[in-house]
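>>> Take this sequence and fold it.
(2 chains)
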Amino acid sequence: MAAFLECGPFSARDGEGRVLFESTSLALDSGQFVTLEGASGSGKSTLLRHVTALERTTAAERSLGGASYREASLPEWRKRVTLIAQDAPMLPGSVRDNLIFPFAQRAGRSIEFAEAEAARRMSAVGLESLPFDRDVRTISGGERHRLALLRGLLWDPPVLVTDEPLAGLDPDTAARCFELLERFARRPGRLLLCALHDPDLNQRADLRLRLAGKRLEVV
Amino acid sequence: MGGLIQLGPLQLATATLLIVAAGVVSFALRLGIERRLGVAALRTTLQLGLLGLILERVFALSNPWLVFLLLVLMTVFAAREAVSRSSRRYRGILIDAWLTMAASCFLVGGIVTQVVVGVKPWYDPQYVIPLLGMILGNSLTGISLCLDRFMDHLETRAAEVELRVAFGATRSEALSTPLRDAVRTGMIPIINSMAAAGIVSLPGMMTGQILAGSPPLQAVAYQIVVMFMIAAAVASGAMLVVLLAGRRFMGSDAILRLDRLRAVGPPKA
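Model (predicted):
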């Protein structure tokens, strides 16, 4: 039987033309917390960008829950397989603008943005003191990372793909955020793919993948 | 048409002293732009001289095909100039710029010459060529600013564009902010010159008409038509050119193709 999420094969090279990975495919079942490990520069971010269809591929197929996505339906794919990028990019504007913008796009217009829920979740990631109308240019790097994580959790796609979501967080906050991610992942019809290099936290994953020697292996 | 003072070689030679004076300033202050000033002055003389000869010929023949050919050539040169001012390129930029120039200038120029002014016959070179020339000259500034800003936005704010894409934005949603930013930038010069017209600056065309003996109010009427025409051409041209450019950088799959962008050094002044 086909897995919940299937995509690939992906191949990529770095800026110098060195092969990062070749003909790499993923097949993952739902309800799992999956980590992606690998030395820095091994191509983890690039692989996550391929999974979330932000990089051009020639031969890749993508299917989720039996439905397949290609070309013009890739925006639909990203609506369901959403990347939280490593550098936690923000749109110019307020904290609120940044949480709400996905729900104003065509992909999210049918979903309602639950402001009360958002406010409650702000404290779950330790941002209770951050007002919704704060200009995002004035918030710290750690706050930005947690805001990006919260945005992904509020969006609540079937598959959340996160790239080093705990980078730059103090151990306490990192632990709280990790628990939120775990709770997100272990629900039916949900999947979390997370690049993470914390030896202790990685132990708690349901499946550990490692990118090494140009291929993906199960740890 | 009374009182038009003819300019001959002697008058032009006297005017040359002015550019020599500018050169002396550059030399005295060691600005190092004497050469460029000289080349620019020479280009002005040659290009305008050539244009004058061509126009004399075209006016004399008054052939619709010749007028049309000249207009098409003008759009090609305008497109080349618009592209050369940009600090970034992509494959097909010249075609996009030319299509935009041709479309917006023929559309707006057509409305102005045929409907507003009502030129008869339709190709009367005395009206059609200078009016189209003015649209092209201003569109070219607008379009090059707009294209440059669009590519700059895509490159420097790629993370924002991709953030929208990552949450399922379609191409038009992902490109809407860069597009608006670029069109706004392209529109600034014409908005500024409309706002300053008559107070800060006496627009060149109006000045020319007055010098040639037109009643000032007639010159003003033409200038207003020209300003509106330029604004319409710049607005439609800017929008069209970024729509065309946008298709090069993002297909229906909404993947941002910055690999298609290449820098070509600092923009020409």
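
>>> So for the residue in the stretch 51-200 of chain B positioned nearest to chain A, what's the pLDDT?
The stretch 51-200 of chain B approaches chain A most closely through B:Gly168 (3.1 Å), counting by CB to the nearest CB. All C-beta atoms are positioned from the backbone trio N, CA, C, and that covers glycine. pLDDT recorded at B:Gly168 is 97.

>>> wait, A:Leu154 sits on A:Ala118?
Yes. Taking CB atoms under 8 Å as the definition, A:Leu154 is a contact partner of A:Ala118 at 5.7 Å.

>>> Show me the common contact partners of these two, please.
A:Leu99 (CB atoms under 8 Å, 6 or more residues apart in numbering or on different chains).

>>> any idea which element the residue nearest to the spatial centre of chain B lies in?
In chain B, the residue lying closest to the centroid (CA atoms, centre = their mean) is B:Leu140, at 2.4 Å. Here B:Leu140 sits within helix B:125-156, counting by DSSP states H and E.

>>> Can you point out the buried residues in that helix?
By neighbour count with 16 or more other CB atoms under 10 Å in any protein chain shown, helix B:125-156 contains the buried residues B:125, B:127-129, B:131-136, B:138-154.

>>> Quickly check: it near chain A or not.
No. Helix B:125-156 is not in contact with chain A by CB under 8 Å from any CB of the partner chain; minimum separation 11.9 Å.

>>> helices and strands around the helix or strand just after that helix, which ones?
Using DSSP H and E, the helix or strand that follows helix B:125-156 towards the C-terminus is helix B:158-166. The contact analysis (3 or more CB pairs under 8 Å, 6 or more residues apart in numbering or on different chains; DSSP states H and E) places helix B:158-166 against helix A:74-80, strand A:81-84, helix B:171-196.

>>> Dump the C-alpha coordinates for the shortest one into CSV.
Output of strand A:81-84 as CSV, limited to C-alpha atoms (Å, rounded to 0.1, in the frame of the first residue of the first chain):
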residue,chain,number,x,y,z
VAL,A,81,3.1,20.2,2.7
THR,A,82,4.3,23.4,4.2
LEU,A,83,7.9,24.5,5.0
ILE,A,84,9.0,26.5,7.9
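
>>> report the angle between the axes of the helix holding B:Leu140 and helix B:171-196?
For helix B:125-156 against helix B:171-196, the angle by axes from the mean of the first three to the mean of the last three CA atoms, to 10 degrees is 130 degrees.

>>> Could you export the least confident helix or strand in chain A by mean pLDDT as PDB, CA atoms only?
One helix or strand of chain A scores below all others by mean pLDDT, DSSP states H and E: helix A:199-202, with a mean of 88. Extracted C-alpha coordinates of helix A:199-202, given in PDB (Å, rounded to 0.1, in the frame of the first residue of the first chain):
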ATOM      1  CA  PRO A 199      21.200  14.200  20.000                       C
ATOM      2  CA  ASP A 200      18.800  14.000  22.900                       C
ATOM      3  CA  LEU A 201      15.700  15.200  21.200                       C
ATOM      4  CA  ASN A 202      16.400  13.200  18.100                       C
END
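
>>> residue furthest from the geometric center of chain B?
Of all residues in chain B, B:Phe167 sits farthest from the chain's C-alpha centroid, using CA atoms, centre = their mean; the distance is 38.0 Å.

>>> Now do the contacts for that residue.
By CB under 8 Å, 6+ apart, B:Phe167 lies in contact with A:Arg78, A:Lys79, A:Thr82, A:Phe101, A:Pro102, A:Gln105, A:Ala107, A:Gly108, A:Trp155.

>>> And B:Leu256, by the same measure?
A:Leu54, B:Leu154, B:Ala158, B:Val161, B:Glu162, B:Val165, B:Ala174, B:Phe249, B:Met250.
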